[in-house]
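Student: how would this look folded up:
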Amino acid sequence: MRIYKVGGAVRDRLLGKPVTDIDWVVVGATTEEMLAKGFRPVGADFPVFLHPKSGEEYALARTERKSGRGYGGFTFHANPEVTLEEDLIRRDLTINAMAEDDQQNLTDPYHGQRDLEARLLRHVSPAFAEDPLRVLRVARFAARYAALGFTVAPETLELMRQLSESGELEALTPERSWKEISRALMEDQPQVFVEVLRACGALKVLMPEVDALFGVPQPPAHHPEIDTGAHTLSVLQQAATHKQPLTVRWACLLHDLGKGLTPEEEWPRHIAHEFKGLKLIKAVNERFKVPRDCQELALLVGEYHTHGHRALELKPSTLLELLQSFDVYRRPQRFEEFIAACEMDARGRKGLESKNYPQADYLRGAATAARSVAVQPLLEKGFKGPELGEAIKRERLKALKAYKETAST
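Tutor: Okay, here's the model as predicted:
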């Protein structure tokens, strides 16, 4: 039995990055031997075990063969005769196909270290094209390591293009796709993820609504970058720069989908794009079974982001409707995330990345004014039921009028 550290732990150590998760592969062992040493089995599809003390994953060396469509369409074979090189060749990228023994002696049969130095994301073997999930994984790695100068090797991008055209991407489950998408959005340069998907044709398959934004012009006076797709990538980049949570980043990606529906003869104006985009946002949310908090914020930002930009001009009654739509009284954090998304949208414009966004504090102040209305005095006056609701609304409107007058002086 020989045990090796494999994959990301080896890659990140060689890159000088912190190693968080460690995966191990065991060569020359049987399931019975692992159980006898106290390892606990967890793998349903192939033999994976948890270490009795550390809880880390140890997998028996295995080979795989394509047997169906999609990410799960593989037959695995594990026995003591499978070599380390045979196990490593089934991995996606050369930089993930290296192994180390307990003395840090490197096994690198597919030149992963060379590609690390060349800053290349390159597939290990032609079998790469058998797994459609790898299109998303490579794009995610491109986003993770873009700051270090990594790019996708041309021949790997070509295989990704072939996968995108094969229909295999449609076989991915929503859960697996969302796992990769959500992880990619939380990288330091999530816009690179979208760029790589677009370069290989996968964006058109997975998110045609986002792909349709590229080449769609906007008014230069408001959007010096002009192209809506370029603007969306810039907004996403701003969200990452400002360490926004996943909910905000997802909303930033989808906020302008309605502009992809504007007829060319109406360009560069996009009248009512906020409302037109809602059905597209819903479609993307449903396609990937997106978590509810991400779904809700994306829809609200899509519908109301221009309200955010015009906050200082809004009538108190419109401002109240906005606050009510977000339920700022019970869900203040969601409104805070809306404000953040609006600010990222404003900063995601060429040359305006550092411009102040006074609307943010104004909206926070409006929410505080509305929340300051006390209910108890209205109850003591005898209001109840629908009448109480109307009385609260009147008082909140009064508070917002006072707030607006104070803020404008």
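Student: Report the buried residues of the longest helix along the chain.
Tutor: Identified as the longest helix of the chain according to DSSP state H is helix 385-407. Of the residues in helix 385-407, 391-392, 395-397, 399-401, 403-404 count as buried by neighbour count, 16 or more other CB atoms under 10 Å. Placement of C-beta: from N, CA and C, glycine included.
Student: got the CA positions of it in PDB?
Tutor: This file holds the C-alpha atoms of helix 385-407, laid out as PDB (Å, rounded to 0.1, in the frame of the first residue of the first chain):
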ATOM      1  CA  GLY A 385     -56.600  45.200  11.000                       C
ATOM      2  CA  PRO A 386     -56.500  46.900   7.600                       C
ATOM      3  CA  GLU A 387     -57.000  50.300   9.200                       C
ATOM      4  CA  LEU A 388     -53.800  49.800  11.200                       C
ATOM      5  CA  GLY A 389     -51.900  48.900   8.100                       C
ATOM      6  CA  GLU A 390     -53.100  52.100   6.300                       C
ATOM      7  CA  ALA A 391     -52.200  54.200   9.400                       C
ATOM      8  CA  ILE A 392     -48.700  52.800   9.500                       C
ATOM      9  CA  LYS A 393     -48.300  53.500   5.800                       C
ATOM     10  CA  ARG A 394     -49.400  57.100   6.300                       C
ATOM     11  CA  GLU A 395     -47.000  57.600   9.100                       C
ATOM     12  CA  ARG A 396     -44.100  56.100   7.200                       C
ATOM     13  CA  LEU A 397     -44.900  58.300   4.200                       C
ATOM     14  CA  LYS A 398     -44.900  61.300   6.500                       C
ATOM     15  CA  ALA A 399     -41.500  60.200   7.900                       C
ATOM     16  CA  LEU A 400     -40.100  59.900   4.400                       C
ATOM     17  CA  LYS A 401     -41.300  63.300   3.400                       C
ATOM     18  CA  ALA A 402     -39.600  64.800   6.400                       C
ATOM     19  CA  TYR A 403     -36.400  62.800   5.600                       C
ATOM     20  CA  LYS A 404     -36.400  63.900   2.000                       C
ATOM     21  CA  GLU A 405     -36.800  67.600   3.000                       C
ATOM     22  CA  THR A 406     -34.000  67.300   5.600                       C
ATOM     23  CA  ALA A 407     -31.700  65.400   3.200                       C
END
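Student: chain center to it, what's the gap?
Tutor: Distance, stretch centre to chain centre, for helix 385-407: 38 Å (CA atoms, centre = their mean, to the nearest Å).
Student: circling back: could you provide the buried residues of helix 385-407 in TSV, with additional columns for pLDDT and distance to Ala370?
Tutor: Putting the buried residues of helix 385-407 into TSV (pLDDT from 0 to 100; distance: CB to CB, whole Å) gives the following:
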residue	pLDDT	distance to Ala370
Ala391	93	14
Ile392	93	10
Glu395	95	9
Arg396	95	5
Leu397	96	9
Ala399	96	6
Leu400	97	6
Lys401	96	11
Tyr403	96	8
Lys404	95	12
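Student: and the residues you listed, which two are the farthest apart?
Tutor: With CB to CB as the measure, no two of the buried residues of helix 385-407 lie farther apart than Ala391 and Lys404, at 20.7 Å.
Student: Worst mean pLDDT across the helices and strands of this protein, which element?
Tutor: strand 74-78 (a mean of 67; mean pLDDT, DSSP states H and E).
Student: could you point out which element follows that one?
Tutor: Next helix or strand after strand 74-78 toward the C-terminus (DSSP states H and E): helix 84-88.
Student: for that following helix, which positions count as buried?
Tutor: Buried, per 16+ other CB under 10 Å, within helix 84-88: 84, 86-88.
Student: Please identify which helix or strand holds Arg249.
Tutor: In this structure, Arg249 is located in helix 246-254 according to DSSP H and E.
Student: Off-centre distance for that helix?
Tutor: Helix 246-254 sits 8 Å away from the centroid of its parent chain (CA atoms, centre = their mean).
Student: With stretch 357-373 instead?
Tutor: 29 Å.
Student: Strands of the chain, residue ranges please.
Tutor: Remark: strands assigned in the chain by DSSP state E are 2-6, 23-27, 40-41, 48-50, 57-60, 62-66, 74-78, 99-100, 106-107, 120-121, 151-152.
Student: Mind checking which residue lies nearest the centre of this structure?
Tutor: Centroid check for the chain by CA atoms, centre = their mean gives Leu185 as the closest residue, at 2.7 Å.
Student: show me the contacts for Gly348.
Tutor: Each residue near Gly348 by CB atoms under 8 Å, 6 or more residues apart in numbering is listed here: 231-232, 234-238, 252.
Student: ok, now Lys404?
Tutor: Per CB under 8 Å, 6+ apart, neighbours of Lys404: 316, 319, 366.
Student: Need those in TSV (columns: pLDDT, distance to Leu169 and neighbour count).
Tutor: Putting the contacts of Lys404 into TSV (pLDDT from 0 to 100; distance: CB to CB, whole Å; neighbours: other CB atoms under 10 Å) gives the following:
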residue	pLDDT	distance to Leu169	neighbour count
Pro316	97	49	20
Leu319	97	43	25
Ala366	97	44	24
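Student: quick check: domain ranges of the chain?
Tutor: 1-114, 243-365, 372-407 (automatic domain parsing).
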